[in-house]
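*Asks:* Next one to model:
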Amino acid sequence: MKEIPASGMLKKERHAYIINQINLHNKVLSSDLSLLLKVSEDTVRRDLNELSEKGKLLKVHGGALSKSFHFPYEQIDIYAQESKREIAKKAISLISEGMIVLTGGGTTMLEMARLIPDNLKATIFTISPLVALELAEREFLTVILVGGQLNKNSQVIMGSKTVRELSEIRVDLCFLGANGIDINEGITDSDWEVVQVKKAMIKSAARTVIMCIGEKLNSAQKMKVCSFNEIDFLITDLKSSNHKVQEYRGQVKVL
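*Replies:* Here you go, the predicted model:
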């Protein structure tokens, strides 16, 4: 998240900013919002409580989460859903017959799972039970859910058991979402456990694909997942001519 000039910001403006951060990053911390918005944590907590009561987010200890983690996919409004479908279409073009693939979780990954052709023969490992259930509908796919503890906030499998299992597999392609991506900071996240699992996923893969909507470009979180030299593809919803993706072309192949 980038600091904003928030002096004198009205409550309505704070709420709009918080919702935007939730949409982009799926999770916000009260402490971070307090610094960014230049208000007390008590004010942030009141804002989060109000937004939770209005059904805009899910209040959790220390912050808030996107509702997309906790409601049936068909019953929620997916932020930038058309953009995420465009990313998913590009991602599927990288998957060939007989490949072994590994995926993370999140709404973009679910869009990809939904678009995978019914006749594709491949093996797909995933840390997301929701992605696994979607892929289970495909007759010719072998779907393997990586073991470990279910994180109730993010609805993905993580922990030391997950990292250990990932160290024992080798896949052709790994698809990951990005909480933050910046030309100088690389790929970043706000959750230490998530960072460890993503690192293990990248190590298990011959090639790694980062998938993110264009709005996330040039944003950074506190914890580093990897540098661009560990990434092979960056897929966004933006056109190749868009100025926001041009600076990344020297670091990674952009689709």
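*Asks:* Provide a list of residues in contact with the nearest residue to residue 64 once chain neighbours are set aside.
*Replies:* Spatially, and ignoring its direct neighbours in sequence, residue 64 is nearest to residue 57 (4.5 Å; C-beta to C-beta, 6 or more residues apart in numbering). In this view, the C-beta of every residue, glycine as well, is placed from N, C-alpha and C. Residues counted as contacts of residue 57 (C-beta atoms under 8 Å, 6 or more residues apart in numbering) are 18, 19, 22, 48, 51, 64, 65, 66, 67.
*Asks:* What are the boundaries of the helices in the stretch 101-250 of the chain?
*Replies:* Ranges of helices within the stretch 101-250 of the chain are 107-115, 129-135, 160-166, 192-203, 243-246, based on DSSP state H, counting those that start in this stretch.
*Asks:* Name the residues of the second one that are buried.
*Replies:* When burial is assessed from 16 or more other C-beta atoms under 10 Å, helix 129-135 yields the following buried residues: 130, 131, 132, 134, 135.
*Asks:* Need the CA coordinates for it. CSV is fine.
*Replies:* C-alpha atoms of helix 129-135 as CSV (Å, rounded to 0.1, in the frame of the first residue of the first chain):
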residue,chain,number,x,y,z
PRO,A,129,-10.0,-26.4,-1.7
LEU,A,130,-12.3,-24.1,-3.7
VAL,A,131,-10.1,-24.5,-6.8
ALA,A,132,-9.9,-28.2,-6.2
LEU,A,133,-13.7,-28.6,-6.1
GLU,A,134,-14.0,-26.6,-9.3
LEU,A,135,-11.4,-28.6,-11.1
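*Asks:* Which other helices and strands does that helix contact?
*Replies:* helix 107-115, strand 122-126, strand 141-145 (3 or more C-beta pairs under 8 Å, 6 or more residues apart in numbering; DSSP states H and E).
*Asks:* Of these, which is nearest residue 201?
*Replies:* strand 122-126 (9.0 Å; C-beta to C-beta).
*Asks:* now that closest one against helix 107-115, angle please.
*Replies:* Angle, strand 122-126 to helix 107-115, by axes from the mean of the first three to the mean of the last three C-alpha atoms, to 10 degrees: 150 degrees.
*Asks:* What helices and strands are in contact with strand 122-126?
*Replies:* On a contact count with 3+ C-beta pairs under 8 Å, 6+ apart, strand 122-126 meets strand 100-103, helix 129-135, strand 141-145.
*Asks:* Would you list the strands that the first one pairs with, along with their directions?
*Replies:* Same thing as strand 100-103. Strands that pair with strand 100-103, judged by DSSP bridges, come out as strand 122-126 (parallel), strand 171-177 (parallel).
*Asks:* Pop the domain breakdown of the chain in here.
*Replies:* According to automatic domain parsing, the chain comprises the domains 11-65, 81-254.
*Asks:* Same list as before, these that is, but in CSV and with mean pLDDT included.
*Replies:* Converted to CSV, the domains of the chain look like this (pLDDT from 0 to 100):
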stretch, mean pLDDT
domain 11-65, 86
domain 81-254, 94
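*Asks:* Identify the residue nearest the spatially most central residue of the chain in space, chain neighbours excluded?
*Replies:* For the chain, residue 177 is the residue whose C-alpha lies nearest the centre (C-alpha atoms, centre = their mean; 3.6 Å). Spatial nearest neighbour of residue 177, excluding adjacent residues (C-beta to C-beta, 6+ apart): residue 106 at 4.5 Å.
*Asks:* I'd say the one you found and residue 178 touch.
*Replies:* No - the pair residue 106 / residue 178 is not scored as a contact, 9.8 Å apart, by C-beta atoms under 8 Å.
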